[in-house]
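[1] Starting from these lines, generate the structure:
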Amino acid sequence: MPQQTIEIKNYSYPLPPERIAIFPVENRDDAKLLVIEGETFTEDVYRNIASYLPQKSSLVFNDSRVIEARLLFQKPTGGIIEIFLLEPSEQYHNYANALAQTTTVVWKCMVGGAGKWKHGISLEKQIDLLNNPLTLTADIIDKQAAHFNIEFKWQSSTITFAEILHHVGSIPLPPYLKRQTEAMDIIRYQTVYASTAGSVAAPTAGLHFTPALLDNLKENNIQLLYLTLHVGAGTFKPVTAETLANHVMHAEWIEVKIEMIQSLLLLDNIFAVGTTALRSLESLYWMGVKTLLQPDISPEDVHIHQWEVYKTLPTYPCTNTEALTALLLWMKKKQLQVLIAKTQLLITPGYTFRIIKGLITNFHQPQSTLLLIIAALCGERWKEIYQYVLDHDYRFLSYGDGCLIKIQAN
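    Purely as a prediction, here's the structure:
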């Protein structure tokens, strides 16, 4: 399979540290926008993006909300242990359920200073929440290959874990910003339409949109649709293996309402706002293919794994209408109003896009799976694009500028 032989060294470029945007621009929609259409580059700002979208376009946004996933505990000896929430234990089935728990909850976590936290020793944090003094405790249940299972407990049957996090946790900024979270980040490292809590990193392509810009898009007859993919810490994970065959793609949870899938069936010019929305949309297609092949497939088995879209599923030819229709029929049969599933979809050069006609996104790290998506969209021209933005003073990564990429018809 050619995708597995891809060498990540071929997807690198020199990114000077000073080109990484440490802080956002003052006004979200003042960020620079590069419109890429065929051989043409057009420079503008996000405020004017509607004028570059085709008639009867639709934008699909990821409405996941970043949670206060970083918790600091002080040991009795004075040392600091940092607990970084990754995702809830499988027993809760979804993020909303886990965040709504009271008295106790279990999460998969990374632990900073884990070597100083002896198994069997509880960490404690005193909390005063609305004049209600509480003690939050953290205990290691077990250690897995890539995470710890941590049980949190507090003495209240009315205060949820989401409220605990909001009170004592902090928004985790990307490690490449190399600074502490500031008060400004609480607002700016969150999209204005964020509504479904669960991400530990922002879907950053949406950070450039303001309420006024969203209204402007609607006034220009551009339909706005929303789905949810909870962004995990794996989005920052570089590809360290020489070839993709030895890289394990991170899995993330998506939540998509049945009405949203019904809307997709009626649309043609679909643009994903961000790589997370793109991966979600393309995953819906492959989930539809799986329901066509196995009409009685379980919700657990509809998950998309890293290589199956290149190995087994393409042997079944299927239009996007057929795939989405099959997915809808399967959801109705299973009496599902919301599809909740995991996707490990790895999009690489050579991938054929089924749902989207373009992408709105920031400029990504060298040797990342996000840059591979750009290469899949643009081919070898990704190098010319990134050289252009380096030469024309664009800002990179989460708080940086971005682009609108239109897929050219064959």
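
[2] what about the strands in the stretch 301-410 of the chain?
    Along the stretch 301-410 of the chain, the stretches classed as strands by DSSP state E, counting those that start in this stretch are 338-343, 358-362, 402-406.

[3] try the stretch 101-250 of the chain
    For the stretch 101-250 of the chain, the strands defined by DSSP E, counting those that start in this stretch occupy 104-112, 123-129, 132-143, 148-153, 196-199, 223-229.

[4] closest to residue 55 out of the ones you listed?
    Residue 55 lies closest to strand 223-229 among the strands of the stretch 101-250 of the chain, at 11.6 Å (Cβ to Cβ). C-betas here are computed from N, CA, C, even on glycine.

[5] Tell me, how many residues neighbour residue 381?
    15 (other Cβ atoms under 10 Å).

[6] Residue 64 reaches residue 226, doesn't it?
    No - with contact defined as Cβ atoms under 8 Å, residue 64 does not count as touching residue 226 (9.7 Å).

[7] partners of residue 252 in the sheet?
    residue 343 (DSSP bridges).

[8] now the end-to-end length of stretch 196-208.
    Distance across stretch 196-208, first residue to last, is 19 Å (Cα to Cα, to the nearest Å).

[9] cool, and stretch 195-204?
    Taking Cα to Cα, the first and last residues of stretch 195-204 lie 15 Å apart.

[10] Can you give the distance of it from its chain's centre?
    7 Å (Cα atoms, centre = their mean, to the nearest Å).

[11] Of the strands of the stretch 301-410 of the chain, flag the one that's most buried.
    Burial of these is given as mean neighbour count (mean count of other Cβ atoms under 10 Å); strand 358-362 ranks first at a mean of 25.

[12] quick one: strands adjacent to that one?
    Assessed with DSSP bridges, strand 358-362 is paired to strand 269-273 (parallel), strand 402-406 (antiparallel).

[13] which residues touch residue 32?
    43, 44, 45, 46, 394, 395, 401, 402 (Cβ atoms under 8 Å, 6 or more residues apart in numbering).

[14] pLDDT wise, what is it at?
    What the model reports for residue 32 is a pLDDT of 98.

[15] Can you give me the distance of residue 17 to residue 177?
    Distance, residue 17 to residue 177, by Cβ to Cβ, to the nearest Å: 11 Å.

[16] for residue 145, that is, sorry about that
    As judged by Cβ to Cβ, residue 145 and residue 177 stand 27 Å apart.

[17] out of these two, which sits in the busier spot?
    Set side by side, residue 145 and residue 177 show more neighbours around residue 177, with 17 against 4, by other Cβ under 10 Å.

[18] residue contacts, the more buried one?
    Applying Cβ under 8 Å, 6+ apart, we find residue 177 in contact with 20, 22, 398, 399.

[19] State the pair within those residues that is farthest apart.
    Taking Cβ to Cβ, the two most distant members of the contacts of residue 177 are 22 and 398; they sit 9.8 Å apart.

[20] Comparing those two, which shows the higher neighbour count?
    Neighbour tally, residue 22 and residue 398, criterion other Cβ under 10 Å: the higher count belongs to residue 398, 22 against 16.

[21] any idea how far the nearest residue to residue 129 once chain neighbours are set aside is from residue 197?
    Excluding the flanking residues, the one nearest residue 129 by Cβ to Cβ, 6 or more residues apart in numbering is residue 167, at 5.2 Å. As judged by Cβ to Cβ, residue 167 and residue 197 stand 14 Å apart.

[22] so which of the strands of the stretch 301-410 of the chain gets nearest residue 256?
    Proximity to residue 256, assessed across these by Cβ to Cβ, is greatest for strand 338-343 (4.7 Å).
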